[in-house]
Structures are given as C-alpha cells and as structure tokens.
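Participant: return atomic coordinates for the entry below.
(4 chains)
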Number of protein chains: 2
Amino acid sequence: MATIRDVSKLAGVSVATVSRVLNRSGYVHEETERKVLRAIKELSYTPNFVARSLSNKKTSTIGLMVPDITNPFFPELARAVEDVMQLYGYTTILGNSDESVEKEKQYVEVLKQRYIDGVILASTALTADEVHKFGVPVVVLDRALTSDTIPMVTSKNREGAREATRFLLAQGCRKIAHLRGPAQLLNADERCQGYLDIVEQTDWFHPGLVVAGNYEMKQATDATLALLKKYPDIDGIFAGNDMMAIGALRAAQILGISIPDKLAIVGYDGITMGEVVYPELTTMAQPIYDMGALAARMLIKMIEKQPLDTLYYELDVQLIERGTTRKV
Amino acid sequence: MATIRDVSKLAGVSVATVSRVLNRSGYVHEETERKVLRAIKELSYTPNFVARSLSNKKTSTIGLMVPDITNPFFPELARAVEDVMQLYGYTTILGNSDESVEKEKQYVEVLKQRYIDGVILASTALTADEVHKFGVPVVVLDRALTSDTIPMVTSKNREGAREATRFLLAQGCRKIAHLRGPAQLLNADERCQGYLDIVEQTDWFHPGLVVAGNYEMKQATDATLALLKKYPDIDGIFAGNDMMAIGALRAAQILGISIPDKLAIVGYDGITMGEVVYPELTTMAQPIYDMGALAARMLIKMIEKQPLDTLYYELDVQLIERGTTRKV
DNA sequence: AAATTATGTGTAACCGATTACGCATAATGG
DNA sequence: CCATTATGCGTAATCGGTTACACATAATTT
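Facilitator: Model prediction:
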C-alpha cells in the first residue's frame, strides 16, 4: 500500500501539499494539484483511515447497540441506520446487548477505546445519567429516557394505542383486552395507558383485561389461551407489539376461534412478520425505517457539531388494516 | 483521556515498560509491574486502539457483508458472528450489499482503507477471482464459490433437498412440486438437483413441476397459485427456502386447501418465521447460528495465522417436522 | 573466574496521516 | 511605491501507541 510520502515523492512535492489536495484545505496551485492527482492515480493510493483517525480523533465510525438483532423489530432499524451512515461516509459497528445494562456499558467502553464518533442506543436499559457519562454523542431510539438533554426518537405510543383501541371499538368490539409489554419499559406503559384512556370508563372494563407480557410470542400465546378461557366473551385484543399479537392469533387458531369474525386483533410495530401470518396482522405501524434514518441523521449532526433543531422526535404511527380485523 | 506517556511518568518508568506490562511482552520486574498497574488504575488509563492499530496494522475489526439484514435469514447469522467476534475481542462492522457486486466491492474497499482484519461474505455474488483480489482474509458463508482456496461454510444442500423430498414421498405424497431459488445461485441449483435426484425417475414427474422463484414470499404465493390451478393434483411442495414455503402456504390458505391434509409443504433454512405461521412450517433446517459461528472462528484463525484444518465445511441439515406435514 | 544467558529497562524510530508555523512570491490597495 | 493581503508550498511536530536496539545487571554454565 502506497503512503502519502510515496505520493509526495513521485509528485515532487511535500506531504503537506498532498494532504492539502486530499482534503481540499489550503491553497494549492492548479498545476501542482494535477501532478499530485496523477501520482495518486499512478500509485493507486488511498489514504489510511487509521492514521487519519489518530490525528483527527475522528473515525467516521459509529456504534449501533440493539438488544438482539434476531428480534424482528431491529433488522429494519439497523438497515436504516446503516444506509444513512454509509451515505455520509460512516461505518456502523453492530452490538447486541441482550438487554443487559452491563453488556451495554462494556460495549460502549470498547467502542470508546476505538475512538468511535457516536452511538445509537436502540431500546436501551440505561438511565439518562449513565448515558451522559459516555462522553460521546448518543441518540436513543425506540425507548425514551427521562431526560431533556439526550436526543431521542420514538413513536407516539400513547396516541397510537388510543387509536388502535378506538379502531377495535369502531369495529364493534364489546370487550377488548390488552396484552401489555414488560413493566420496566416506558413504551409498554405508554401503550397500556393509551388503551386505558379509551376503555377505562366503559361499563365492561375491569383490570383483568390487562395481562402482563414480555413482548414475546410464546408467552403471549399462553397468556391469551388463559385469558380467553377465563373471559370467553372477549372479542377484541390490542397487543403491545406485533409479536404478542401474533401469539394471540396463534392462541385463537389453537382454540378454533375464527379471526376476525369472533375475535379481532390489532398489534403495534408494523414489522414484516405481520404480513407473513394468516390472516395478516392489522397493526399500528411505527415508521421503523424512518425512525432509524432519523436517529442516524441526528447523530451525524451531533458528531459534526451542527445544531439539532429538535431534541425529541415522536413520530406518527399509522394503522394498517389487514386480515385480523374486519373490513368496514 | 490519559495516554501511555502519562502513565509512564506517574509510574516513573519509560513508555516501553508500560507497553510491556500492557501486552505482557518482554521482561518486567514484578515490583515495576505493580507500580505501572497502580498508575494505570489511578489514571483509569485505557490504551487507544487507533494508535495501536496504526503501528500494529491490526484493528481487531472485521466486516460482515450480507445482502440485506432485513432478510430473515441473516440476523441469526449476524448474531452468531457478532457473538464469536466479541468473545475474541473483535468488533463487527455490518454492511448491506443488496446483492450488488459493485456495492460489495466498494464496501470492501472502504473496509480495507480502515485496515479491517478480515471479511465474512454472506451470500456473496462475487467470483472467486474477485475475492482473491481483496488481499484480506475472507470466509464465504452460505454460498459456495467455485474455488478450492477460499474458505467456505455452507450446508449440505443437495443431500438436504433429497431428504426433504424423500420425506414428502414417505408422507404419501404422489405428486411433488418444487419452488426453486434464483438461477444464478449455486445453492438453489443444488437444492433443485437434490429434488430431481429423487423424483426424476418417478412416473408422475414432469418439468412443469419445477417452478422458478427468487427466494421471496410474494412471488412464491403467485407462482403457487398458478401452479395449483394448472396441476390441481399436486399434494406436496418442497420449497427452496422457508420464505417461499410460507408463500406457498399462503397460496393454499387463499385457495382454501387444507394443510397438511390435502397439501404438504416443506421448506429449507429453518428460520424463526417458520414457527410464526400456522400451521407451523416443516423445514429442512440449516444450523444457521453454527454456520455463522464457524465462519467467525475460521476467520479469526486466518487472521491470527493459525492453520485451518478444513477449508470447506458443509454442515449437516436436519428435518424439523411441524404442522405443514402430517405426523406419521 | 570467565563466558554465557536471562532479566530488566530506556531511547528513539516508526506506523501514516494532519497541521501550525514560517517563508516565499504575487496581487491589490491607498 | 510601499504596505497589505492572498496564494503556494515545505519543515517538523503531533496524534498514541509498538518495538528494535542498546545497555546494564543478575543468574547460570563451563
């Protein structure tokens, strides 16, 4: 591999000059530039990023931390982040935290040693304080922290949940249950709250209609089986995420309950898997790709010290009507 | 951030000595080591990887190139690679190639500038020659190249396809169709060939039973719809991958054909999505995680210049019987 | 006891870029 | 016409590590 010194020798100039044409910094005579460019081409020289990073303290590399890339919500997010990063000349390091605070911190330490320029934390379990300590630009995705200084991107969980529940009501459902997500997650709380906003005052509502879950399918299937056994007159389910909605669908199929005639189901997320089940899942879709892309753009702005006009984005969600609810 | 010079000053030794205790290279007096360690702790010093990489020409970073992380086959692979890499102190950069040879080459160039230590190419479209030109250690995953010098990890496609087809036959199927993958992919050819090995000599076989596909669900649904219209007596389908199998399942559901009674379906891959559809998909499962982990370990060996005992691994596949075929 | 070998440590070059600083010369202004 | 300012380029320090080499002393061999 040729170095900048090889180029400078061949072109008969100093390394400073070569660096100047490389970075379009400072004055370079047109003639000289041509010579340098010719030398670069001849040696098929390409600058060494590591060396550059050392003096720059900038690696054009960011870290993307997800709980588990295997969880169907995250590949699309990761794709968006990677697309945008690549567009701006950044490279993306992927890390799986398995929801463990320790693993997450450890990973960020590793990344900092490597002079990473910034980090996107998707669904982090960290507190705002811990994030502050990182000392590198951070954008938090999907999960909100209680902080007004850390940039975040989420969707309108509460409002989306309300809308989803209202939709079930409008479909003629008379008893709607909610499969909620893990207790420690803010977005699960918000979605549950949105559901409650709509149904709490109805005459049929009682707390037994809210059942705990962990955002996973298997558990949702079991929970729904139990739920439907206990309250056979439930005719609508709003699940805190799509995987749980699919779990509920599975339970209905096991029990031979016809979907959507006897039971309507609405999920939340809009993951691709919803289109794979049959009937296809009606869901309150988050703009997953947009959320990832937005977070990526925000992070780049922060890295390049441009001002952010908004610190906290709550993107709109959209109901996608499919087979698990009746057409009106 | 403290540097090695800060540490050396505080400990009253030279930077060389600090480096020696850091890397356990060369002789260091026990007493001196203690002093250095104390200084390191006091300054909470952590070595700068970028600087280290510059003199080492080793970044402990590898690239993982997938066609599209959004394609459900790859997250599990990525997870395996990342797990193993992390275990060995490596960091994984993720890249999506969208099956484009150009994008792939370009990405590798970017990675090389960054002194990446090696690359795992999952489902690459590159030729062996092009891969050779990279000049960094490469392991190819999932797709075989015609080369006996590039390390590869795949599964026993042909044998697996045979077994899957035999299984359908044993289930009592009398007319089995095959949804094959893209023409340019070797693994699609091999799976198709495995199917043919079993059925070509039967009295019912004719070439119309092999239909072209692109490994995607939507297309498979359409193709199956047409296929079943044309040949209503088909009672078994072996699909080249799980997504297409799910597409076929969808077609059957649309036509109201009962699965598995009237039509049995077997896929190939063993992706998680197969457990999400109903009935759950019977599939010839590749050990996806193991394949990723193995490729990662091979790459690390290559990077660390240890000999590989085998260049070409063809892992065993395993039939997972689920709802789209009858229990025997 | 002399010759080796093992142990312990420091100096300074090096990895390959960026850039502050200095010094020319050319162009422009008053 | 002299003072500025703009243009053009090179020298050498710097980023933060690693390591070849040199040198000293201690432990073993012969």
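Participant: every contact and neighbour count from this point should use C-alpha atoms.
Facilitator: Noted.
Participant: what's the residue nearest the centre of chain A sitting at in phi/psi?
Facilitator: The centre of chain A sits closest to A:Leu77, judged by CA atoms, centre = their mean, with a distance of 4.5 Å. Dihedral angles of A:Leu77 (phi, psi; degrees, to the nearest 10) stand at phi -60, psi -50.
Participant: kindly report the same for A:Ile288.
Facilitator: Geometry field for A:Ile288 lists phi and psi as phi -60, psi -50, criterion degrees, to the nearest 10.
Participant: so who does the closest residue to it other than its chain neighbours touch?
Facilitator: In space, and not counting its chain neighbours, A:Ile288 is closest to A:Leu77: 5.9 Å by CA to CA, 6 or more residues apart in numbering or on different chains. When contacts are counted by CA atoms under 8 Å, 6 or more residues apart in numbering or on different chains, A:Leu77 touches A:288-289, A:291-293.
Participant: show me the one in the residues you listed that has more neighbours than the rest.
Facilitator: A:Gly292 (27 neighbours; other CA atoms under 10 Å in any protein chain shown).
Participant: still on that earlier bit, give me the distance between the residue nearest to A:Ile288 and B:Thr325.
Facilitator: 35 Å (CA to CA, to the nearest Å).
Participant: burial count for A:Phe205?
Facilitator: The number of residues packed near A:Phe205 is 16, by other CA under 10 Å.
Participant: my read: it touches A:Val199, true?
Facilitator: Yes. With contact defined as CA atoms under 8 Å, A:Phe205 reaches A:Val199; the gap is 6.3 Å.
Participant: okay, and the common contacts of the two?
Facilitator: By CA under 8 Å, 6+ apart, no residue touches both A:Phe205 and A:Val199.
Participant: who's in contact with whichever strand or helix holds A:Gln253?
Facilitator: Taking DSSP states H and E as the definition, A:Gln253 sits inside helix A:242-255. Contact with helix A:242-255 is made by A:179, A:213, A:215-222, A:224-225, A:237-239, A:258-259, A:263, A:265-271, A:274, A:277, A:281, A:283, B:276, B:278, as judged by CA under 8 Å, 6+ apart.
Participant: show the backbone phi and psi for the residue nearest to A:Ser14 when sequence neighbours are not counted.
Facilitator: With sequence-adjacent residues excluded and distances taken as CA to CA, 6+ apart, A:Ser14 is closest to A:Ser8, at 5.3 Å. A:Ser8 adopts backbone torsions of phi -60, psi -40, taken as degrees, to the nearest 10.
Participant: so what's A:Ser8 up against?
Facilitator: Going by CA under 8 Å, 6+ apart, A:Ser8 touches A:14-15, A:17-18, A:36, A:39.
Participant: what ranges does the stretch 101-250 of chain A have for its helices?
Facilitator: Under the criterion DSSP state H, counting those that start in this stretch, the stretch 101-250 of chain A contains helices at A:101-113, A:128-132, A:157-170, A:186-199, A:217-230, A:242-255.
Participant: stretch A:268-279: which residues count as buried?
Facilitator: A:268-274, A:276-279 (16 or more other CA atoms under 10 Å in any protein chain shown).
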